[in-house]
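K.L.:
need the 3D shape of this:
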Amino acid sequence: MYTFTKDSVAGYNNRPVPFQLIKQNKQTGSLAVMLPGRGYTVQGPLFHYSTGVFLNKGFDVLHVNYDYNTVQSGSLTLEEEIQQITEDVNSVLDQILKDQPYGDYTLIGKSLGTIALSSIVNRKGFEDAKIVWLTPLLQLDYVMDKMLSSTQIGLCIIGDEDPYFIAEKFEKLKDKVNMQTLLIPGTEHSLNYSNRPVDSIDVLKKVITEISNF
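P.N.:
Sure thing, here's the model as predicted:
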């Protein structure tokens, strides 16, 4: 039904950046790009089920599987971390898009992945992309400024128990005409309730439905 390609490209400091491209059997003009968090991989439920949604809608899906849980990554300054993720993600995109440019893009980043989103939001070809900001790092001016200045249609989802939730900044995003927002009270950075696992499944369903409708 689909073809899976796993590979890597040279990124920041020439270190390999793994990725997986899941392609439809018939050529499509649509690509979903998924940018995970530091400890939240594409195997996490938010990305696992989003992948299924996009495949069912006829998209190819690109997982950028960078891993920043390393000693080298932990010693970087914020500016170096931004440079690292920018080089890594753009290197993967350069590799994928050189052979098959798409006309329709949806970009999804969670947590650290929202730094990656911020680094590619102005990339040529992404002017009309739809952008999903999952649990964005609102405390970082780099991310917040890109979210506020982006011209694309956006969707921001976050919980008010998330340590990166800042009410005043979220209100600014709510006022942005091309940004849809969803605040899920009581949920943490993983968009779960800390001690209500069954209710957390309902949240997952709500988030995936929101992404699918978006």
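
K.L.:
do a quick rundown of the helices in the protein.
P.N.:
45-56, 71-74, 78-97, 112-120, 141-149, 167-174, 197-213 (DSSP state H).

K.L.:
would you reformat those as JSON lines and include mean neighbour count, mean pLDDT and distance to Ser30?
P.N.:
Just so you know, the C-beta spots here come from the backbone N, C-alpha and C atoms, and that holds for glycine as well. Formatted as JSON lines, the helices of the chain follow (neighbours: other C-beta atoms under 10 Å; pLDDT from 0 to 100; distance: least, C-beta to C-beta, whole Å):
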{"stretch": "helix 45-56", "mean neighbour count": "18", "mean pLDDT": "93", "distance to Ser30": "8"}
{"stretch": "helix 71-74", "mean neighbour count": "11", "mean pLDDT": "53", "distance to Ser30": "32"}
{"stretch": "helix 78-97", "mean neighbour count": "18", "mean pLDDT": "92", "distance to Ser30": "13"}
{"stretch": "helix 112-120", "mean neighbour count": "26", "mean pLDDT": "93", "distance to Ser30": "17"}
{"stretch": "helix 141-149", "mean neighbour count": "16", "mean pLDDT": "94", "distance to Ser30": "23"}
{"stretch": "helix 167-174", "mean neighbour count": "13", "mean pLDDT": "94", "distance to Ser30": "26"}
{"stretch": "helix 197-213", "mean neighbour count": "14", "mean pLDDT": "87", "distance to Ser30": "14"}
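
K.L.:
and those helices: which comes nearest Met34?
P.N.:
helix 45-56 (5.4 Å; C-beta to C-beta).

K.L.:
look up the pLDDT of Asn69 for me, please.
P.N.:
In this model, Asn69 is scored at 68, pLDDT.

K.L.:
equivalent analysis for Arg38, please.
P.N.:
82.

K.L.:
my guess is it contacts Lys110. True?
P.N.:
No - between Arg38 and Lys110 there is no contact under C-beta atoms under 8 Å: 9.7 Å.

K.L.:
for the two, indicate the residue with more neighbours.
P.N.:
Shown here are Arg38 and Lys110; by other C-beta atoms under 10 Å, Lys110 has more neighbours (29 against 17).

K.L.:
give the bridge partners for that one, please.
P.N.:
Following DSSP bridges, Lys110 is listed with bridge partners Leu134.

K.L.:
and if you look at Leu182?
P.N.:
Bridge pairing for Leu182 - DSSP bridges - gives Ile157.

K.L.:
surely it and Thr209 touch.
P.N.:
No - Leu182 is beyond contact range of Thr209, at 10.4 Å (criterion: C-beta under 8 Å).

K.L.:
residue contacts, the most centrally placed residue in the chain?
P.N.:
For the chain, the residue nearest the mean C-alpha position is Gly109 (1.2 Å; C-alpha atoms, centre = their mean). Gly109 makes contact with Met34, Leu35, Pro36, Ile115, Ala116, Leu117, Val132, Trp133, Leu134, Pro136 under the criterion C-beta atoms under 8 Å, 6 or more residues apart in numbering.
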